[in-house]
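> Provided below for reference: sequence and predicted model.
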Amino acid sequence: MKQYLEKQKNKNMSRKFSLQKNRNIGIMAHIDAGKTTTTERILYYTGKVYKIGEVDHGTATMDWMVQEQERGITITSASTACFWQDCYINIIDTPGHVDFTVEVERSLRVLDGTIIVLCSVGGVEAQSETVWRQAKHYNVPCLAYINKMDRTGADFFSIVKQMREKLGAKTIILQIPLGSEETFKGVIDLITMQTVVFTGQDNSELKREAIPENFLETAKKYRAKMIEEIAEYDPEIMDKFINNHELEITDLKMAVRKGTVQYHYVPVFCGSSLRNIGVQLLLDGICDYLPCPLDVPPVQGINPLTEQKVQRITSDDEYFSALAFKIMSDTYVGKLTFFRVYSGILKSGEYVYNANKRIKQKIGKIVKMHANKQEVVSEIFAGDIAAAVGLKDTVTGDTICDFNNPIVLENICFPEPVISLAIESATKAEQDKLSYALNKIQDEDPSFKASYNQETGQTIISGMGELHLEVIVDRLLREFKVEARVGTPQVAYKETITKSVSVRGKYIQQTGGRGQYGDVVLEISKGERGTGIIFKNKIKSGAIPKEYIKCVKEGVEAAAQTGILGGYSLIDIQVKLVDGAFHPVDSSDLAFRMAGSIAFSDGLRKAHPVLLEPIMNLEVLVPMQYLGDVLGDLGSRRTKIENISERSDIKVIKAFAPLAEMFGYANIIRNLTQGRGTYTIEPSYYDEVPKRIQDSIIGSTY
């Protein structure tokens, strides 16, 4: 251990910045809130780019894919790094469209802080709620940036209220806007009690001034509220506040930082990124209030050799550990594996241990990424984010670490696909190219699945939505040069049961020599929604030896891949192994695997199986004059309207809709509203298909 630490200290001499000055942040938002535009300004003001790119012109630095530039949306999370003040900031720009929410999920898993960007008119929208839940799941401290304050209908305080009501966020307002809509020209900083006006040809110059008389009372009111909220979690500020002592700016900033890092509240900023107002102050907020790697608790994991819990402290002097969170195929270097280093130092050319696969791999080279551009570095330190060449067998969620001191970090969970397409190569010669391309895309995108249907002889691709599959098909044609034919979208149905049963499964074969003998009794019942297949061992008194229990489970899980109604996989079923028998000579792993499969399949037939369909969380934004037409159309689509609210002069319809009824809805809503209506849709849950529709689906399957 002493020699190892000495070696690490020698390595440590080349670190260029301290961990206290490191920020690993993500930028997340609903689509069109201005997330990528904000990132573009951050890169410009930090000197990372010399010219501001625009999303609408297809020139945004972080939207480097052709598909992103053409559609004007972010599809894949892009990483870069920059300096501001004396801080080194790793930034991941994430997609805002719900079809690509998996990119947000895996980014938040490895980040220390995040910025949620909200539109000053649209406010808290559907995907805003989704990304907020994801950030909360991973305990990632957050800043809020209310963007587009120059737009007609901008309402800063209404959006803050929405954050409290819809997100359950405890907000703390650090800035209020100086004007709004066409009069918006800067912000009032409640920490310093000054206005910050943005001037110059492109609003890049900051001028600090006294607060105008007509804004002074409002500023005093919100500063008092801010101090009350800070004091609630900081005894020193509370003491000074009660005793009317002067509050120093540095004391307030330190208190806000502590409260943000400890998830007590969310500091709120505002601006207009398109007009270059407020971004520099947001950068100050990143440095002042978001956590560094040392503020985050030590990462927890399991030693794969001992199955004991272990942890790694964020330090260059610790054993090396990192989590692979993204795979990208590069035309020139092949597979790039993005990873976050939690502890230790990694040098190019060194060997690492993949603790999930239990294999050693050599690091070819290490690169720092700027969108799709690479900067080769010789080493990477604790708390940093980089990509590596050479990790051929490493996939998203794998842990790479020191060979002699392994650790498996918590993996990343991804949602199941809800929509499928049949795809086939134009010629037999193209089949190999298609298989190669699909494997590459599966490596990159864990929410995308490709499989081969033996009965129909078709390749089936599955994803999170129509746009998701549309982009993948576009990549197959352009990037991988595959000539392929694509079928119509198909819903990813599931099957479950409605009745509890007890069933016995036997697998007995006699062949003259050693035979096969497995005998199991299963109790099969309906499980909780969203639980998948839950297997529980309730065997008592050794009716089946322990070594065969896992084989029974494997048999059940294999049988659950194909239902008896339409061949769809099964979910939400609880299986208990309650009894059975074994033969001291003839019993084997195979026999109990087959017995488990037979019992489960027999039980399904007796348990009244039903078909389930994905139900989507739907939000439709529509002008008042078209509300009746839109509601009438939704009613014909088996939609359940939850509520209708108002946002500025727009009606907001929230509903649950079967995915099967929503194909092509983008064109429908445009036609019904003369192009003024928009909608977002995301998977919510699976529900039973009505009997008449179930019969037609099963009939068309066979």
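Everything's here; your move.

> would you list every one of the strands in the stretch 351-500 of the chain?
Counting by DSSP state E, counting those that start in this stretch, one finds strands in the stretch 351-500 of the chain at the ranges 351-354, 359-362, 365-370, 373-377, 379-380, 385-389, 399-401, 408-409, 419-425, 449-453, 458-463, 484-486, 490-491, 494-497.

> what residue ranges in the stretch 501-650 of the chain score low on pLDDT?
511-513, 648 (pLDDT under 70).

> please enumerate the helices of it.
Applying DSSP state H, counting those that start in this stretch to the stretch 501-650 of the chain gives helices spanning 546-559, 589-606, 627-635.

> what does the last one rub up against?
Just to be clear, that refers to helix 627-635. Helix 627-635 is contacted from outside by 618, 620, 622, 641, 644, 651, 653, 655, 657, 668-669, 672-673, 677, using CB atoms under 8 Å, 6 or more residues apart in numbering. No exception for glycine: its C-beta is placed from N, CA and C like everyone else's.

> please redo it, this time with the cut-off set to 10 Å
Identification of contacts with helix 627-635 by CB atoms under 10 Å, 6 or more residues apart in numbering yields 618, 620-623, 639-641, 644, 650-651, 653, 655, 657, 661-662, 665, 668-669, 671-673, 677, 679.

> in this protein, which residue is closest to the centre?
Among the residues of the chain, the one closest to the centroid is E105, at 1.5 Å (CA atoms, centre = their mean).

> how about the closest residue to that one other than its chain neighbours, what does it touch?
Excluding its sequence neighbours, the residue lying closest to E105 (CB to CB, 6 or more residues apart in numbering) is Q134, at 5.7 Å. Contacts for Q134 (CB under 10 Å, 6+ apart) come out as G26, M28, T94, T101, V104, E105, R106, S107, L108, R109, T114, V140.

> any idea how far the last one lies from V266?
It stands for V140. The gap separating V140 from V266 is 11 Å, by CB to CB, to the nearest Å.

> picking that back up, single out the most deeply packed of the strands of the stretch 351-500 of the chain.
Burial of the strands of the stretch 351-500 of the chain is given as mean neighbour count (mean count of other CB atoms under 10 Å); strand 399-401 ranks first at a mean of 27.

> identify the residues contacting it?
Outside strand 399-401, the residues that touch it by CB under 10 Å, 6+ apart are 299, 301-302, 304, 312, 319-324, 337, 339, 341-344, 346, 352-357, 361, 363, 388, 391, 394, 406-411.

> of those, buried ones?
299, 301-302, 304, 312, 319-324, 337, 339, 341-344, 346, 352-356, 361, 363, 388, 391, 394, 406-409 (16 or more other CB atoms under 10 Å).

> winner for burial among the helices of the stretch 501-650 of the chain?
For the helices of the stretch 501-650 of the chain, average neighbour numbers computed from mean count of other CB under 10 Å are highest in helix 589-606, which has a mean of 22.

> what is that one packed up against?
Applying 3 or more CB pairs under 10 Å, 6 or more residues apart in numbering; DSSP states H and E, one finds that helix 589-606 contacts strand 494-497, strand 501-509, strand 516-526, strand 533-537, helix 546-559, strand 573-581.
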